[in-house]
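okay, structure incoming, though there's no sequence with it:
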């Protein structure tokens, strides 16, 4: 605490990201990174962006990237907003679109950054419990709301909502922004993009950090009506005109243009996920159905914290959340099959199956 | 305007950066970029960061970069904060350290992003007029203040304050944060870093976009007491845990470690600045003394807007601010000597010397 801090700083409880240990020979399954490298075309584009031109500011509006994303998703560039990772995109959305007098609604179990943003921008919110199967029930999202946000698939559960369920929430809340965080949508889910035409209050956020394997480059984006995007642009241009550097813009464009790599990479992760889920189920784990690049699982005889600690002793890092309802779960990133096999073998040794 | 926007969005007047025209063969002297490329070591480091590892998140705390900057400046890593360009660092500083009940003080003529940040975070402020020579007078910064911010050298004037003058402001305002924006300090000014030891309320911001010729990479930083830096970290970790990607961290570290390149690059710009100032003075321009990589000049017989338009017709872009007191000035980035010669020749043709 310091007398020099503004009031909000005293009140903040910052987000704690999954650790990035600085040691080698670790099976790192804690931050939902892709087990495979990015598109070689993206790598080449980043390399090509590293030259004399770095002395120049990047395009503040990232027009070429917006055009590439618009073309890819069948939208117009005015419906695309880009930022320095989807975390920055979400931050701007909280300030620009989710802050109103009535409370923002989001699930009690979801991306734990959401309440942090509320603290940063002084946004009133109300959490809505997932049902007993850890699913979002659209019926719970009626009533007074300043806005709604949820992730689909949800994190850290991995559970997917059907498009009809999302539409039900949009119909229940046509007067406020409904933000669908699709960080993990590329692993088998159906995007809400097709709902954009009929719902000017729908905003969808996406990231290059998971399915595009570019977490190290920091690129995220949002898709929505031009009026929602304009609100984001106004905040962005009052915060940092140039959020995306030249290497990031170049790499992201090249990634969007490499569809064969993208499809193959996602398919491999989905295949490994199903294999991993089956193996853990055979060890007695309860594994929630996942449409993400991670699984969420608990063992009836072992506390989550104990399991996470025992895995760490075996140089395997997974994510454990010491939070109500989910402290017996582990969130395990889908790695390569070899990494998954190491994890399963370690779990087998620990739970003594 | 949209019913979906939060209140603050309706009130915002976003910052407008200098344009980044998408045309070749332009003499671009409008955004204070370096006329010379970055350190070859920085370029190589960015290239080397482009590979398989891009699938991994970067170090959220950028420890290696903080260590490099701490070593370079003779400070501890806990005194260093890094961000996605100094604009992001400033944004966090406004929210974390400059927002208080009493008004923030800054010069009437300075970086035009400051009042935009105040709008974004609802910070009360009071502008303090520069004197008739466009200088900051420390005596004007006494009295009630929630915090103080000014640029040294100031922008867009280029005028430098002596260290004693900065110390006078620090002594007049020991109970509130005094932020010195040193974006342009490397072109002949003396940094306030030596004052950090005696002033826990002093924060200094810096950028890699000017003297390090890495505007395209987006890296900025702040130096201050550990308690000020902690305030910034708390806001940063409530906004975006990973503001700097892997290429940015790697390139910045390599740049800091290439002192010969840095000294040579700054010296060349300073030499060209003096040459350009002299040439424009000979054409009848009033040129303010500059310690930056730009000059601020006006001609007694020609309106600033007219001069800027006439230069643009000759494919030379400079920055013109349509603002009180300075609308007859042009802010001209110091380019290569060849670019400066083209500018001077164009000015000669326009003013008919």
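On my side now, so go ahead. Computed from a prediction, not measured in an experiment: that's the story for all the values here. Numbers count the residues shown, from 1 in each chain, chains lettered A, B, ... in the order given.

residue ranges for the helices of the stretch 251-353 of chain A, please.
Applying DSSP state H, counting those that start in this stretch to the stretch 251-353 of chain A gives helices spanning A:259-282, A:304-313, A:337-351.

and of those, who's closest to residue B:343?
helix A:259-282 (46.3 Å; C-beta to C-beta). (Glycine included, C-beta is placed from N, CA and C.)

what's the angle from the closest one to helix A:337-351?
Orientation of helix A:259-282 against helix A:337-351 (axes from the mean of the first three to the mean of the last three C-alpha atoms, to 10 degrees) gives an angle of 20 degrees.

check which helix or strand the residue nearest in space to the middle of chain A maps to.
What sits nearest the mean C-alpha location of chain A, by C-alpha atoms, centre = their mean, is residue A:183, with 3.4 Å. Using DSSP states H and E, residue A:183 is not contained in any helix or strand.

spell out which parts of the stretch 201-350 of chain A neighbour chain B.
A:201, A:209, A:213-218, A:227-228, A:230-231, A:233-248, A:251 (C-beta under 8 Å from any C-beta of the partner chain).

list the contacts of residue A:214.
Shown in contact with residue A:214 (C-beta atoms under 8 Å, 6 or more residues apart in numbering or on different chains): A:38, A:42, A:208, A:251, A:252, A:255, B:54, B:55.

and residue A:29, backbone torsions?
The phi/psi pair for residue A:29 (degrees, to the nearest 10) reads phi -120, psi 40.

burial of it, as a residue count?
By other C-beta atoms under 10 Å in any protein chain shown, the residues close to residue A:29 number 27.

what do you get for the one 3 residues further on?
Applying other C-beta under 10 Å, we find 23 residues neighbouring residue A:32.

that one: what secondary structure?
Three-state call for residue A:32 (DSSP: H, G, I helix; E, B strand; the rest coil): coil.

I figured residue A:98 hits residue A:177, correct?
Yes. Using C-beta atoms under 8 Å, residue A:98 is in contact with residue A:177, at 6.2 Å.

any residues in contact with both of the two?
Common neighbours of residue A:98 and residue A:177 (C-beta under 8 Å, 6+ apart) are residue A:147.

so who does the nearest residue to residue A:314 once chain neighbours are set aside touch?
Closest residue to residue A:314 apart from its sequence neighbours, by C-beta to C-beta, 6 or more residues apart in numbering or on different chains: residue A:346 at 4.5 Å. Residue A:346 is in contact with A:310, A:311, A:314, A:316, counting by C-beta under 8 Å, 6+ apart.

these two touch, right, the first one and residue A:350?
Looking back up the chat, that one is residue A:310. Yes. Counting by C-beta under 8 Å, residue A:350 is a contact partner of residue A:310 at 4.6 Å.

tell me the one of the contacts of residue A:346 nearest chain B?
residue A:316 (16.4 Å; C-beta to the nearest C-beta).

show me the beta-bridge partners of the closest one.
residue A:27 (DSSP bridges).

on that earlier part again, CSV for the helices of the stretch 251-353 of chain A, including distance to residue B:164 and mean pLDDT?
Formatted as CSV, those follow (distance: least, C-beta to C-beta, whole Å; pLDDT from 0 to 100):
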stretch, distance to residue B:164, mean pLDDT
helix A:259-282, 59, 98
helix A:304-313, 55, 96
helix A:337-351, 60, 97
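
out of these, which is closest to residue A:106?
helix A:304-313 (22.5 Å).

can you tell me which of the contacts of residue A:346 has the most neighbours?
Comparing these on neighbour count, residue A:311 comes out first with 24 neighbours (neighbours: other C-beta under 10 Å).

next, the contact list for that one, please.
A:317, A:318, A:330, A:343, A:346, A:347, A:350 are the contacts of residue A:311 under C-beta under 8 Å, 6+ apart.

quick check, nearest of those residues to chain B?
Nearest member of the contacts of residue A:311 to chain B, counting by C-beta to the nearest C-beta, is residue A:317, at 12.8 Å.

can you tell me how far the closest one is from residue A:83?
From residue A:317 across to residue A:83, the span is 28 Å (C-beta to C-beta, to the nearest Å).

so residue A:247 sits against residue A:46, correct?
Yes. Between residue A:247 and residue A:46 there is a contact under C-beta under 8 Å: 4.6 Å.

now the end-to-end length of stretch A:180-196.
When the termini of stretch A:180-196 are compared using C-alpha to C-alpha, to the nearest Å, they are 11 Å apart.

and it, how far out from the chain middle?
Here stretch A:180-196 is found 11 Å from its chain centre; the criterion is C-alpha atoms, centre = their mean, to the nearest Å.

same thing with stretch A:70-84?
Worked out by C-alpha atoms, centre = their mean, stretch A:70-84 lies 18 Å from the chain centre.

which ones are touching residue A:41?
A:254, A:255, A:257, A:258, A:261.

quick check: what element follows the strand or helix carrying it along the chain?
When elements are assigned from DSSP H and E, residue A:41 belongs to helix A:40-49. Per DSSP H and E, the first helix or strand lying C-terminal to helix A:40-49 is helix A:63-73.

can you list the residues that contact that next one?
A:75-77, A:79-80, A:82, A:193, A:219, A:221, A:223, A:244, A:249, A:252-253, A:256-257.

now, which of these sits nearest chain B?
Nearest member of the contacts of helix A:63-73 to chain B, counting by C-beta to the nearest C-beta, is residue A:244, at 7.5 Å.

look up the pLDDT of the closest residue to that closest one other than its chain neighbours for me, please.
Nearest residue to residue A:244, sequence neighbours excluded (C-beta to C-beta, 6+ apart): residue A:62, at 5.3 Å. Residue A:62 carries a pLDDT value of 98.

residues contacting the residue lying closest to residue A:332 once chain neighbours are set aside?
Spatial nearest neighbour of residue A:332, excluding adjacent residues (C-beta to C-beta, 6+ apart): residue A:318 at 4.8 Å. Taking C-beta under 8 Å, 6+ apart, we find residue A:318 in contact with A:29, A:30, A:308, A:311, A:330, A:331, A:332, A:333, A:343.

neighbours of the residue nearest to the third one when sequence neighbours are not counted, how many?
In space, and not counting its chain neighbours, residue A:308 is closest to residue A:320: 3.9 Å by C-beta to C-beta, 6+ apart. By other C-beta under 10 Å, 23 other residues sit near residue A:320.

go on, the one 5 residues further on?
Residue A:325 sits with 13 neighbouring residues when counted by other C-beta under 10 Å.

for stretch A:3-21, which positions count as buried?
A:4, A:5, A:6, A:8, A:9, A:12, A:14, A:15, A:17, A:18, A:20 (16 or more other C-beta atoms under 10 Å in any protein chain shown).

wait, the last one touches residue B:56, no?
When you say that, I think you mean residue A:20. Yes. Between residue A:20 and residue B:56 there is a contact at 7.5 Å, judged by C-beta under 8 Å.

how about the strands in chain A?
A:27-29, A:80-83, A:104-107, A:125-128, A:147-151, A:177-181, A:202-207, A:220-224, A:286-287, A:294-298, A:316-318, A:329-333 (DSSP state E).

up against chain B, what does the stretch 51-200 of chain A have?
So the stretch 51-200 of chain A meets chain B at A:51-60, A:84-85, A:87-88, A:91, A:95-100, A:116-117, A:119-120, A:175-177, A:200 (C-beta under 8 Å from any C-beta).

of those residues, grab the buried ones for ChimeraX.
Per 16+ other C-beta under 10 Å, the buried members of these correspond to this ChimeraX selection:
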select /A:51,53,54,55,56,57,58,59,60,84,85,87,88,91,95,96,97,98,99,100,116,117,119,120,176,177,200
